[in-house]
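Engineer: A structural model of the following input is requested.
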Amino acid sequence: PPQKKYIKRQSVVSGKSSDYSSNHDVHSEHLQNKLLHLLNQRRSSAIEIEVAKSEEWLSHSSQSHSYTAQSDCEDDSQSDSQGGDDVNNDFVEIDIGNSEMDSKIPRTIKCEVAAQKQKKKCERKSSEKQKKYSKRQSTDTTMYTSLDPEDPLIGLKFSIVKSDEKKSGRKRPLAKVNNMTNSFRLKLKRRKKRTIVLSVTIIFVAIAAVAVAIYFAVTRGQSASISAGTYQGYTNNGANSTSQGSSLPHNDPNIDKGSSGNVLPSSNSPEFKPNKNLPPINEDLSGNPNFPTLQKVSGNAVAVKNSPQFEAAVWLLNHDKMELTSESAGFLPRFALATLYYALDGANWKKALNWLGAVDICMWQGVSCLEDSSISLKLHDNYLNGTIPSEVSILDLSYLDLQNNSIRGSLPPSIGDLVNLSILNLNSNQIEGSIPSNLGNAVKIVELSMRDNLLTGVIPLSFEKLYMLESIDLGANQLSGEIPNIFESLTGLKVLNLGTNKMRGLIPDSIYILTNLVDLGLFENTLAGMLNGNIQHITGLQILKLHTNQFTGTLPASLGLCTSLESLQLHNNKFYGTIPTTLGTLTSLRFLYLDDNQFTGKLPELSQLSALKYFDAFNNLLTGVIPLNYGKLTSLVGLDLGNNTISGSIPVSFNKLIQLQYLTLSQNKLLGSVPSSIWQLQTLNLLDLHENSLSGTVPNTIIVSSLQFLDLENNQLQGTIPFQLLSAPQLKVAMFRWNNFIGTVDTRVCEGTSLGRLWMDCISEIKCTCCNRCA
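Structural biologist: Down below sits the predicted model:
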């Protein structure tokens with residue numbers, strides 16, 4: 001806002017006041033010249049300047065209600081010439097737009113301008129002046145001059161404002177003058193420009209809005225890509241660009257090759273833009289001639305609004321650009337896939353390019369049409385969420401892969417109608433309920449995988465009809481009951497995984513005749529009984545996992561005839577007796593877990609098992625000594641013989657176990673010293689020798705750069721504890737209690753090492769200032 005200054009009135013005769021400096025006079029003359037120049041140029045313009053009178057002047061002229069600008073100036077001139085104190089203290093409020101102008105502008109300038117302008121008006125009749133003056137007095141308005149923008153002084157604004165009420169009840173008019181300089185002129189131009197730009201922008205926005213409304217109104221129901229963007233979550237650009245063939249290079253990282261071999265942009269491509277704000281679907285389909293066909297395959301579900309079947313029908317009959325009829329060969333498959341899309345939350349799929357688009361279903365991402373006219377559907381790892389609809393049986397599926405999603409609910413019984421289905425993979429979902437018994441009707445199934453779900457009930461007996469089965473994986477569910485004896489006809493079975501369930505009973509005899517079986521997993525159940533010697537007939541068996549059950553009895557020696565065994569996991573059972581020596585002939589064996597059983601006798605000879613990586617016989621009743629030829633197991637990574645009654649000494653040949661990382665010989669009856677070669681194993685991470693009768697000292701030359709856990713408690717070790725051992729670069733826990741160590745622990749152990757816990761006997765024989773725990 002303009003600055004408000006109070007300007008002292010000056011005498012017309014003198015032209016200046018003694019209170020002002022020379023600088024004030026310069027500014028006054030400059031403004032006077034501008035005003036005079038303006039007046040000469042605008043004589044024909046109606047410029048009216050109202051000069052405010054002071055309260056004192058009004059008191060002297062109270063007898064007369066009419067005055068002119070000339071008489072006003074004369075009165076001021078006379079009063080100023082008299083040098084009255086009341087005149088010197090009289091001020092007029094003025095708005096100054098130019099900050100460069102002095103705040104105190106003499107009243108003389110206004111008077112002279114007014115005198116020149118009102119010279120001709122003074123010659124008019126006094127009655128007309130009185131009439132005009134009276135009209136002005138009753139009006140409270142703002143008058144503006146109409147000036148040329150190119151003029152040095154843009155314009156003057158003269159206001160007649162209501163004066164402040166005085167105690168006497170009179171009103172004093174105030175003259176406000178706003179001098180708009182060149183800077184203000186630029187502001188006006190900018191404001192005018194912004195106004196024009198804003199107006200043009202509003203017009204364009206309105207035109208664009210109308211155009212968009214017309215476009216969607218015209219194209220609604222005609223473009224399948226638009227309907228897909230409206231009801232299924234994809235933009236028009238994404239559908240059209242793919243239907244015309246992708247121009248992306250084959251080595252582009254954003255390309256995903258569909259199962260049909262088509263190069264399709266992945267979900268990371270800018271062409272794929274899901275739209276999750278789906279409008280409600282509420283359309284009447286009863287009058288459509290193709291609707292009865294859909295009712296025959298879906299029943300009443302297709303008439304239930306907001307159901308997946310209804311939404312699919314609305315899209316197919318009203319919005320699908322392909323405009324198929326019930327007589328078209330692809331009509332029902334298109335309906336089935338659309339139902340699957342809506343039932344499994346297709347709008348949020350990670351990969352759904354072309355779904356519900358204006359192309360053949362063979363171009364929909366994850367859908368492949370094979371040469372035998374069957375369909376392969378691969379939607380694994382795709383954020384599927386919902387229940388599989390029964391309409392999936394309409395499709396002539398040969399491959400169905402929906403693993404690693406969030407599918408819930410039970411399996412539709414119609415899944416058994418997929419007579420050409422060869423691979424069914426539903427792993428890692430939340431499917432519950434029992435396995436449909438009519439799944440046995442899908443006799444061409446080769447791979448059946450439903451691992452990691454919430455399935456309950458028993459294994460259907462109808463599985464015996466699946467004679468082409470090569471793999472059954474039902475692990476990590478809640479299946480119960482006994483394993484049915486149905487495997488006689490499944491001679492081609494290679495993988496049988498029923499682990500982590502609630503199965504009970506015995507292993508059925510029909511399993512032992514599966515000569516092609518490679519992987520048998522019955523672990524983590526409540527199975528009991530003995531392991532049948534007929535296991536030898538499974539000559540191709542590579543993985544046998546029977547751990548965490550209630551098996552009992554002895555291990556059959558014929559187990560050694562399964563020469564292809566790579567992993568034998570029998571831990572956490574109730575096996576007893578000696579460990580068959582025939583296990584030493586399994587040259588392909590890499591994992592041998594016999595821990596937590598009741599085996600007795602000596603450790604088996606395993607020198608021929610050059611591929612063995614892990615041997616665990618912890619918590620048994622084994623006796624004898626550790627065979628010296630265990631040093632030949634050069635591939636050994638972990639060896640756990642703890643919690644037995646093994647005696648003798650630690651073989652010196654262990655120095656050849658250059659890949660050994662875990663060595664546990666605790667809770668035995670071992671004697672002698674710890675071989676110095678043990679302290680030279682650079683790959684050793686864990687060394688547990690506690691609760692033996694080991695003696696001797698710990699050598700000073702130690703190279704255990706990878707050691708993290710060391711337990712030597714409850715032995716008869718003596719001497720000092722080398723600082724080189726305690727300062728091993730990765731050592732976290734060291735336990736030395738209940739030995740005969742002496743000396744002082746180097747204080748450098750307290751700082752600057754990775755050791756987090758040191759357990760030691762804090763008695764008079766040893767001083768430890770930084771033990772975490774002492775006994």
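
Engineer: who touches the residue nearest to Ser307 when sequence neighbours are not counted in this structure?
Structural biologist: In this structure, Ser307 finds its nearest non-sequential neighbour in Ala301, 5.4 Å apart by CB to CB, 6 or more residues apart in numbering. No exception for glycine: its C-beta is placed from N, CA and C like everyone else's. With contact set as CB atoms under 8 Å, 6 or more residues apart in numbering, Ala301 has these partners: Ser307, Gln309, Phe310.

Engineer: can you classify Phe487 by secondary structure?
Structural biologist: coil (DSSP: H, G, I helix; E, B strand; the rest coil).

Engineer: is Lys351 in contact with Gly366, as I believe?
Structural biologist: Yes: counting by CB atoms under 8 Å, Lys351 touches Gly366, with 6.4 Å between them.

Engineer: just the strands in the stretch 651-775 of the chain please.
Structural biologist: Ranges of strands in the stretch 651-775 of the chain, per DSSP state E, counting those that start in this stretch, are 662-664, 669-671, 686-688, 709-711, 718-719, 733-735, 740-741, 743-744, 757-760, 766-767, 773-774.

Engineer: right, and the ones you listed - which one's nearest Pro508?
Structural biologist: The closest of the strands of the stretch 651-775 of the chain to Pro508 is strand 662-664. By CB to CB, the value is 37.1 Å.

Engineer: tell me what that closest one is packed against?
Structural biologist: Contacts defined by 3 or more CB pairs under 8 Å, 6 or more residues apart in numbering; DSSP states H and E place strand 662-664 against strand 638-640, strand 686-688.

Engineer: now render the ones you listed as TSV, adding distance to His319.
Structural biologist: As requested, those are arranged in TSV below (distance: least, CB to CB, whole Å):
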stretch	distance to His319
strand 638-640	62
strand 686-688	65
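
Engineer: need those in TSV (columns: distance to Ala208, mean pLDDT and mean neighbour count).
Structural biologist: Converted to TSV, these look like this (distance: least, CB to CB, whole Å; pLDDT from 0 to 100; neighbours: other CB atoms under 10 Å):
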stretch	distance to Ala208	mean pLDDT	mean neighbour count
strand 638-640	71	97	20
strand 686-688	71	95	20
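
Engineer: how about those, which one is nearest Ala211?
Structural biologist: Among the helices and strands packed on strand 662-664, strand 638-640 sits nearest to Ala211 (CB to CB), with 72.5 Å.

Engineer: moving C-terminal of that closest one, what's the next helix or strand?
Structural biologist: Per DSSP states H and E, the first helix or strand lying C-terminal to strand 638-640 is strand 647-649.

Engineer: quick check: mean pLDDT across that next one?
Structural biologist: On average, the pLDDT along strand 647-649 is 95.

Engineer: who does that strand touch, helix- and strand-wise?
Structural biologist: strand 669-671.

Engineer: adjacent strands (with direction) for the strand it packs on?
Structural biologist: strand 647-649 (parallel) (DSSP bridges).

Engineer: name the surrounding residues that touch the partner strand.
Structural biologist: Thr623, Gly624, Val625, Ile626, Asn668, Lys669, Leu670, Leu671, Gly672, Ser673.

Engineer: go again with 7 Å.
Structural biologist: Val625, Ile626, Lys669, Leu670, Leu671, Gly672 (CB atoms under 7 Å, 6 or more residues apart in numbering).

Engineer: any idea which of the residues you listed is closest to Ser406?
Structural biologist: Checking the contacts of strand 647-649 one by one against Ser406 (CB to CB), the nearest turns out to be Ile626, at 51.2 Å.

Engineer: where does the stretch 301-450 of the chain dip in pLDDT?
Structural biologist: Within the stretch 301-450 of the chain, no stretch has pLDDT under 70.

Engineer: for it, what spans make up the helices?
Structural biologist: 308-314, 331-343 (DSSP state H, counting those that start in this stretch).

Engineer: what sits up against the shortest one?
Structural biologist: I take that to be helix 308-314. 281, 283, 285, 291, 294, 298, 301-304, 335, 338-339, 342-343, 389, 391.

Engineer: I'm done for today, thanks for sticking with me.
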